[in-house]
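[1] Pasting the sequence and the predicted model now:
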Amino acid sequence: MLKAENLSKRYEGSTALSDLNLEVNPGEIYCLLGANGAGKSTTIRLFLNFIQPSSGRATVDGVDVTKAPLETKKVLAYIPEQVMLYPHLSALENLEYFAALAGHEHYSRKELEAFLLRSGLQADAHAQRVSTYSKGMRQKVGIAIALAKRARALLLDEPTSGLDPEASNEFSGLLQQLRGDGVAILMATHDLFRAKELGSRVGIMRRGLLRAELDPSTLGHADLERIYLDHMHD
Amino acid sequence: MLRAIVRKEVRETVRDGRFRWGAALVGLLLFLSLAAGFAHRKEVERAHASAQAMSWAQWLEQGDKNPHSAAHYGIYVFRPVSSLSFVDRGVDPYMGVSTWLESHYQNPFENRAVQDTPALARFADLTAASTLQLLVPLLILLLAFRSFAGEREQGTLRQLLSVGVNPRRLATGKVLGVGAALAILLVPAAAVGALALLMAGPGGGATGDEGLRYILLLATYLAYFGIFTALAIGVSALASSSRTALALLLCFWIGNGLLAPRIASDVARSQVPLPSSLEFQAGIQADLSQGFDAHPPRELRQQILRDSVLAAHDVADPAELPFNFAGLSLQSGEDFANLVFDRRFGALGRRVEEQLELHRRLGLLAPHLSVRSLSMALTGTDPAHHERYAGAAEEHRRLIQRILNEDIMANSRFGETYIADGSLWARVPEFEYQGPGIRWSLAGQGTAAAGLLVWLLLGAILTRVGATAVARRA
């Protein structure tokens, strides 16, 4: 579903990403680990066509994102570290707007509420202005947007950083549900624990290079941490 | 999708306290200025009509008198106020409102409203036109400067672009969103204006096409607001931050509304200088006494007239003529003076028109100049309309002189003291002015309309360029 082929991004004098090859299939969660500046966010932004690749290509469902940026985005949903919403609008109004812009203007209020409920947002919060929301609640609206636009691939950029453990756990549960629905998920994270728990595969990045790709089910938490640190320190 | 964008923009705008206060303030000013304009127009129209009626009554009741002294007694006429002047008073306050129709001389218009106004009060002279031309654009800028730049800063722009929205569609939606929010304010104002027009009724110089004028006036201001909206959205998309966008837009607003009119009139004055009032009057006096071109000086003119008339009737003395030579001589003096007035006032009028056309051309630099010109033309308050009224009054003055002089010629004898019967004055028709139709009003406005369209196109291009840039700079 998501595929990077020799994907590279160079800025003047520095390489943000070099020759990345990875593939995320439907029903898979691929976790990208790495320090700040390792190239995780660059990868996600390349898939969103927010930046142009220097070489190689990123495809969504077989379509090059630079060739058909609007069409590929219809398939994607993006949840950054902080889901940005319109503070003067309620969760319901935000969801309605984002869904409409994604081409889904047909939802009734009931359907929109159902998306918010499925994302774990309490019914009494739906009509409140988002300016009063906690970060965890905003992330849930982000998931609801993904559900409403029937995204088949999810791009997550450190979605759980700053969430309390309970909210983070709840969020993981939502991702697992989406995986169960056959969504391909690419998640950049610092959270080794989440990566181990959620990831179908884990990629370790450093200075724009994908250094290792692991199957976390074969590893313990301590193993993953050791391997990660080994790659950071050589 | 467009509808969703517009709905969201309006929702956000209406919930924003800054918009509510700004719109309430501008709305209040707009309604107050319409009300004040309406009351002012009514008052002035009443005053002018009664003053003119009084002068006419005095004319009719001056009793038995020599016609030429009646000609010197004269009539005062007062310019009627156009029905739509409650929207835009144009140059009305700067032009005189009345003139004295007497013999021998085309008098200038007197009693300018600004002469009775202390300099400071001019700033308080609020009209619907100045609210529409200056304050509504300011409100638009305040509404729109954050549209893209603010979304970029708050991060929602990236979120928005990640769902795969076409940025051009987004920009169009934002333009329409600003329009829809403004409509909350402007639609009631337009309705109040229409009501005021109906209540004002066909005022002095009404032409019956006030409805059409009003619709075109709305269209003109709509285009003007469209320019500001498109420019603001475009700049907001291109600027590095919303603060930069606001600064740029405010600079444009100041340049357009405050600097451009000053610069335009300075340029017009230096490029097409007008004679001072003193020079102008001196020129007329010189023409009258010394003649011009092939026309000889006054004494010689009178000599030639006398000689040729005597020769034509084959008599030696004016007293032997079958009519009173004094009447002929007076009318001949009028005819010559009319030549001078046509020549001098005509040249002045052409200079003024050149200045105005220069203003309209400069409208390509600032849309305010274009909208001002169109607004004054549609409301019938621009210099051309004043000129037209002055021309009609002058025609009437000449008619009075001819009637009186012909009476002298026909009904008196040369050298006698002639007292005409008081019924003579009623043979002069009362002065009634018919304002021009809309075609006439708009005849010179091609440049202004083109200026407005060029700016509208510029705004559309800027919005489009901005939208394209937004996609690249998420």
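    In hand now; what should we look at? Numbers count the residues shown, from 1 in each chain, chains lettered A, B, ... in the order given.
[2] Give the helix, strand or coil label for residue B:81.
    With DSSP: H, G, I helix; E, B strand; the rest coil as the basis, residue B:81 sits in coil.
[3] Relative to residue B:236, how far out is it?
    42 Å (C-beta to C-beta, to the nearest Å). Using the backbone N, CA and C atoms, a C-beta is placed for each residue, glycine as well.
[4] So these two - more neighbours on which side?
    Taking neighbours as other C-beta atoms under 10 Å in any protein chain shown, residue B:81 and residue B:236 compare with residue B:236 leading, 30 against 27.
[5] Spell out the secondary structure type for the more buried one.
    Applying three-state DSSP: residue B:236 is helix.
[6] repeat for residue A:35
    Quick answer, by three-state DSSP: residue A:35 is coil.
[7] check contacts around it.
    A:206, A:232 (C-beta atoms under 8 Å, 6 or more residues apart in numbering or on different chains).
[8] burial count for residue B:469?
    14.
[9] Let me know whether it touches residue B:239 as I believe.
    No. With contacts counted by C-beta atoms under 8 Å, residue B:469 stays clear of residue B:239, the gap being 10.1 Å.
[10] any common contacting residues for these two?
    With C-beta under 8 Å, 6+ apart, residue B:469 and residue B:239 have no common neighbours.
[11] Give me every residue in chain B lying close to chain A.
    Contact residues (C-beta under 8 Å from any C-beta of the partner chain) of chain B with chain A: B:1, B:3-5, B:8, B:11-12, B:15-16, B:154-156, B:158-166, B:170, B:471, B:474.
[12] Give me the buried entries from the residues you listed.
    In these, burial by neighbour count holds for B:1, B:4-5, B:8, B:11-12, B:16, B:154, B:156, B:158-166, B:170, B:471, B:474, counting by 16 or more other C-beta atoms under 10 Å in any protein chain shown.
[13] Show me the strands in chain A, by range?
    Here chain A has its strands, by DSSP state E, at A:2-11, A:14-24, A:29-33, A:55-60, A:63-64, A:76-79, A:153-157, A:184-189, A:201-206, A:209-214.
[14] how about the residues of chain A near chain B?
    Proximity of chain A to chain B is confined to A:48, A:50, A:69-74, A:76-78, A:80, A:82-89, A:93, A:96-98, A:100-103, A:105, A:145, A:149, A:155 under the rule C-beta under 8 Å from any C-beta.
[15] What are the buried residues along the longest helix seen in chain A?
    Identified as the longest helix of chain A according to DSSP state H is helix A:165-180. The neighbour-count check on helix A:165-180 (16+ other C-beta under 10 Å) flags A:167, A:168, A:170, A:171, A:172, A:174, A:175, A:178, A:179 as buried.
[16] ok, these vs chain B, which is closest?
    Nearest to chain B among the buried residues of helix A:165-180: residue A:178, at 16.5 Å, using C-beta to the nearest C-beta.
[17] Give me the local confidence score for that closest one.
    pLDDT for residue A:178: 92.
[18] So which of the buried ones among the residues of chain B next to chain A sit within helices?
    B:4-5, B:8, B:11-12, B:154, B:156, B:158-162, B:170, B:471.
[19] and the residue nearest the centre of chain A, what is it in contact with?
    In chain A, the centroid-proximal residue (C-alpha atoms, centre = their mean) is residue A:156; its distance is 1.5 Å. Residues in contact with residue A:156 (C-beta under 8 Å, 6+ apart) are A:44, A:78, A:79, A:175, A:185, A:186, A:187, A:188, A:189.
[20] what bridges to it?
    Residue A:156 forms beta bridges with residue A:79, residue A:187, as assigned by DSSP bridges.
[21] How about residue 15, nearest residue that isn't a chain neighbour?
    Using chain A. residue A:208 (4.9 Å; C-beta to C-beta, 6 or more residues apart in numbering or on different chains).
[22] You answered for a different chain; I wanted chain B.
    Using C-beta to C-beta, 6+ apart and skipping residues adjacent in sequence, the residue nearest residue B:15 is residue A:88, 4.4 Å away.
[23] before we move on, what about residue B:226?
    Computed as C-beta to C-beta, 6+ apart, the closest residue to residue B:226 that is not its neighbour in sequence is residue B:456, at 5.8 Å.
[24] any idea which helix or strand carries that neighbour?
    helix B:446-472 (DSSP states H and E).
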